[in-house]
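# okay, predicted coordinates and the sequence, questions at the end:
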Amino acid sequence: MRAIVVSRNGGPEVLEATEREDPVPGPGEVLIELAASGVNYIDVYFRTGAYPQPMPYVPGVEGAGTVAALGEGVTGFSVGDRVAWVNVPGSYAQYAAVPADVVVPVPDELDLEVAAASLLQGITAEYLTRSTYEVKPGDTVLVHAAAGGMGLLLVQLCKLFGARVIGTVSTPEKEKTARDAGADEIVGYDGFAEEVRRLTGGEGVAVVYDGVGAPTFDGSLASLRRRGMMVLYGAAGGRVAPVDPQRLNTAGSLFLTRPTLYHYTHTREEL
């Protein structure tokens, strides 16, 4: 099969198209013929070494396709089923052997490319707005990078749940994209905490969804109301330095969490 392989950390140049043996599903695994691979920012973390990964490896933690073969002991799936998976590497290839317990069926009315493009970010947006912090009618929330893949989903879900959404963007074009998705207010990154305070009458927001990291972290804390929640779910702009917990006290008894998808899909029932 054709596959993309990463043998060393670095930029996009380390992504090498190669020929590899077709994988064989082991016990408890499903062999999937890929129709589409999801591309996510976490792939960059792996490629650059921000998240260490044994070398060499096939990147891509999300994909969709049809079941080509079943490993020993697998039940609930048949050859030809339309399926998708998330949180297991190997989707930048024509075939992938994936543990059956992370594979989910794709409804007939859903295109496989849509499934591959939406599962990781969709699950993330769902748990961030339902479980990490349950967005409620009347909440005001701050969504960083509101015109990005995750940002657009968060904006739409927060609006669906009745919140007022303030988003940050870096360009006028991105402002239009975020507003079209439902954002009520858009601010730039420079001085955003002060602007958030102004827009909330000095109170601050109930929750901040921050996938940027180091450049926005301090301002995000400063944007929260008393007992507000800082949800740091990524570090596209760099990792946050260690934090003194006393800061959360003095800033208003704040909550800080660093969630990850695995802990919110740990059981089959949750997934």
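That came in fine, so what should we check first?
# just the endpoints, please. Distance across stretch 81-96?
One end of stretch 81-96 sits 15 Å from the other (CA to CA, to the nearest Å).
# in that stretch, what's buried?
For stretch 81-96, the neighbour count (16 or more other CB atoms under 10 Å) marks 81-96 as buried. Yep, even glycine has a C-beta here, placed from its N, CA and C like the rest.
# burial check on Arg8, number of neighbours?
By the measure other CB atoms under 10 Å, the count of residues near Arg8 is 11.
# with adjacent residues omitted, what lies nearest to it?
Leaving aside its sequence neighbours, Arg8 sits nearest to Val14 (CB to CB, 6 or more residues apart in numbering; 5.5 Å).
# wait, the one you found sits on Val5?
No. Contact criterion CB atoms under 8 Å: Val14 and Val5 do not qualify, at 9.1 Å.
# hey, where'd the strands end up in the protein?
Taking DSSP state E as the criterion, the chain carries its strands at 2-6, 15-19, 29-37, 62-70, 82-86, 95-99, 103-105, 140-143, 164-168, 185-187, 205-210, 224-232, 255-257.
# dump those into TSV; add mean pLDDT and distance to Leu199 as well.
TSV is the format used below for the strands of the chain (pLDDT from 0 to 100; distance: least, CB to CB, whole Å):
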stretch	mean pLDDT	distance to Leu199
strand 2-6	98	43
strand 15-19	98	42
strand 29-37	98	39
strand 62-70	98	35
strand 82-86	97	35
strand 95-99	98	45
strand 103-105	97	39
strand 140-143	98	8
strand 164-168	98	6
strand 185-187	98	5
strand 205-210	98	9
strand 224-232	98	12
strand 255-257	98	21
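# hmm, back to that, give the full set of residues in contact with the residue nearest to Arg8.
6-8, 47 (CB atoms under 8 Å, 6 or more residues apart in numbering).
# farthest pair in those?
Greatest spacing in these, by CB to CB: Ser7 and Arg47 (11.0 Å).
# who has more neighbours, those two?
Arg47 (20 against 12).
# can you count the residues close to the closest residue to that one other than its chain neighbours?
The shortest distance from Arg47 to any non-neighbouring residue, by CB to CB, 6+ apart, is to Val6 (5.9 Å). Other residues within reach of Val6, judged by other CB under 10 Å, total 20.
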